[in-house]
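**Student:** Sharing a model that was predicted from the sequence below.
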Amino acid sequence: MDENGSVERLQEIVQAVKAKGPLIQCLTNYVSMDFMANGLLALGAHPAMVHSVEELDVAISKVKAAEGAVSINIGTLDSHWIESFKCAVKACNEHQVPWVLDPVAAGFTPLRTSVATELLEMGGCAVLRGNASEIISLSGAEGAAKGVDSTKGSEGAVKAAKTLAAKYRCVVGISGAMDYVITPEGKQFSCEHGIPMLQKITAAGCLVSSIIAAFVAAGRPSGFTDAEAALYAFTYFGICSEAASQNSHGPGSLRANLLDQLHSFDLDQLSSDD
Ligand SMILES: Nc1ncnc2c1ncn2[C@@H]1O[C@H](COP(=O)(O)OP(=O)(O)O)[C@@H](O)[C@H]1O
Ligand SMILES: Cc1ncsc1CCOP(=O)(O)O
Ligand SMILES: [Mg+2]
């Protein structure tokens with residue numbers, strides 16, 4: 001894989017997602033639930049938002065049988081959610097189901113940093129995806145999070161991402177104007193697609209994290225590494241947002257058009273220069 005992947009591999013993994021329709025079990029915040037479920041459905045995946053500790057083990061054993069993945073997002077944290085996250089990670093690791101972590105607003109409060117760190121320390125995370133402030137905060141430095149938003153550019157988090165990827169043996173994705181994907185061995189890939197207006201749609205980052213989970217689930221049986229899956233998820237999301245922006249007049253129409261593009265973006269229109 002070169003630094004940005006290839007159009008042929010992008011087409012292959014998107015077609016795999018649409019053909020397999022992976023089951024993505026999401027433990028996510030109240031803000032993102034609707035957009036994440038609709039975004040995953042538009043993409044061709046099958047979302048389920050199960051989060052009670054009483055049913056997570058059964059649900060995740062079914063995710064295993066369906067070759068799906070789990071998306072964990074700490075956005076609206078409280079003590080019940082914390083128990084659910086730990087229970088989900090334990091079940092994922094027991095059943096060998098890939099899980100993706102979105103450490104929303106890590107660094108904004110100490111609890112968020114410590115909960116995300118505790119989950120990573122349980123081991124088995126496939127991909128950690130955050131914005132620059134979140135990734136820097138998890139590395140132990142001052143990330144200067146402005147609530148759930150980053151105040152720093154993604155390039156400023158690459159060093160922190162390399163530290164985290166090596167420490168937790170997981171792929172780390174940093175979103176921003178440039179998205180970066182870092183492997184546990186310290187290899188770096190990047191994706192320049194996307195539009196600034198995405199920052200005006202709440203839960204765009206949450207949706208990207210769950211799309212990464214869908215690409216990991218569909219990609220593994222087709223021979224894609226988790227780093228490739230993350231890179232192509234960022235790329236597909238970025239390209240769809242660019243196409244969506246052409247008929248959009250602001251965040252409201254962009255949000256609707258983005259769902260349409262995730263559903264029916266024509267991959268054949270891409271050339272190897274894209
Ligand atoms: N300035 C930007 N230009 C282009 N794309 C962006 C920009 N900022 C964020 N994005 C894209 O928006 C999506 C959400 O990323 P981001 O806003 O960093 O996440 P979060 O919402 O978790 O803070 C990602 O796909 C990212 O590539
Ligand atoms: C606004 C907000 N508050 C708690 S979770 C959440 C959504 C954050 O979504 P994203 O990180 O994708 O912008
Ligand atoms: Mg976020």
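**Tutor:** Everything's here; your move. Note that the structure is a prediction, hence the values are computed from the model and not measured. Ligands and ions are numbered 1, 2, ... in the order given.

**Student:** quick one: low-confidence parts of the chain?
**Tutor:** 1-2, 272-274 (pLDDT under 70).

**Student:** what residues are up against the residue of the stretch 51-200 of the chain found nearest ligand 3?
**Tutor:** Nearest residue of the stretch 51-200 of the chain to ligand 3: Val104, at 4.7 Å (Cβ to the ion). Glycine gets a C-beta too; all of them are placed from N, C-alpha and C. For Val104, the contacting residues are 29, 73-75, 112, 130, 134, 148, 205-206, by Cβ atoms under 8 Å, 6 or more residues apart in numbering.

**Student:** try Met33
**Tutor:** 26, 49.

**Student:** can you tell me which of the contacts of Val104 are in strands?
**Tutor:** Among those, the ones falling in strands (DSSP state E) are 73, 130.

**Student:** Confirm that Val181 lies within a strand, as I assumed.
**Tutor:** Yes: Val181: assigned to a strand according to DSSP: H, G, I helix; E, B strand; the rest coil.

**Student:** who's it bridged to?
**Tutor:** Taking DSSP bridges as the rule, Val181 bridges to Gly173, Phe189.

**Student:** I figured it was touching Phe189, is that so?
**Tutor:** Yes: here Val181 reaches Phe189: they are 4.4 Å apart, a contact under Cβ atoms under 8 Å.

**Student:** More neighbours: which of the two?
**Tutor:** Val181 (32 against 23; other Cβ atoms under 10 Å).

**Student:** Tell me who's in contact with the more buried one.
**Tutor:** 171-173, 188-191, 227, 230-231, 234.

**Student:** of the contacts of Val104, closest to Ser6?
**Tutor:** Gly205 (25.3 Å; Cβ to Cβ).

**Student:** need the contact list for the nearest residue to that closest one once chain neighbours are set aside.
**Tutor:** In this structure, Gly205 finds its nearest non-sequential neighbour in Ser175, 5.7 Å apart by Cβ to Cβ, 6 or more residues apart in numbering. Contact partners of Ser175, counting by Cβ under 8 Å, 6+ apart, are 129-131, 154, 205, 208, 234.

**Student:** near ligand 3 too, which of those?
**Tutor:** The overlap between those and the neighbours of ligand 3 (Cβ under 5 Å from the ion) comes to Gly205.

**Student:** Could you list which of the contacts of Ser175 also contact ligand 2?
**Tutor:** Restricting those to those near ligand 2 by Cβ under 6 Å from any ligand atom leaves Gly205.

**Student:** What count of nearby residues applies to Gly153?
**Tutor:** 13.

**Student:** What of Gly140?
**Tutor:** Neighbours of Gly140 (other Cβ under 10 Å): 12.

**Student:** where does it fall, helix, sheet strand or coil?
**Tutor:** coil.

**Student:** ok, it to Asp268 distance?
**Tutor:** 46 Å (Cβ to Cβ, to the nearest Å).

**Student:** State which helix of this protein is the longest.
**Tutor:** helix 226-245 (DSSP state H).

**Student:** Could I get the buried residue list for the next helix or strand after that one?
**Tutor:** For helix 226-245, the succeeding helix or strand toward the C-terminus, using DSSP states H and E, is helix 251-264. For helix 251-264, a neighbour-count test (16 or more other Cβ atoms under 10 Å) marks 254-255, 257-259, 261-262 as buried.

**Student:** again with stretch 188-208
**Tutor:** Those would be 189-191, 193-195, 197-199, 201-208, for stretch 188-208 by 16+ other Cβ under 10 Å.

**Student:** For that stretch, measure first residue to last.
**Tutor:** From its first residue to its last, stretch 188-208 covers 19 Å (Cα to Cα, to the nearest Å).

**Student:** quick one: that stretch to chain centroid distance?
**Tutor:** 10 Å (Cα atoms, centre = their mean, to the nearest Å).

**Student:** how distant is the helix or strand where Phe35 lies from the center of its chain?
**Tutor:** If you go by DSSP H and E, Phe35 is part of helix 33-43. Taking Cα atoms, centre = their mean, the mean C-alpha location of helix 33-43 is offset from the chain mean by 13 Å.

**Student:** Stretch 69-76 now?
**Tutor:** The answer for stretch 69-76 is 9 Å, by Cα atoms, centre = their mean.

**Student:** That one vs ligand 3: in contact?
**Tutor:** No: shown here: stretch 69-76 not in contact with ligand 3 (Cβ under 5 Å from the ion), separated by at least 7.1 Å.
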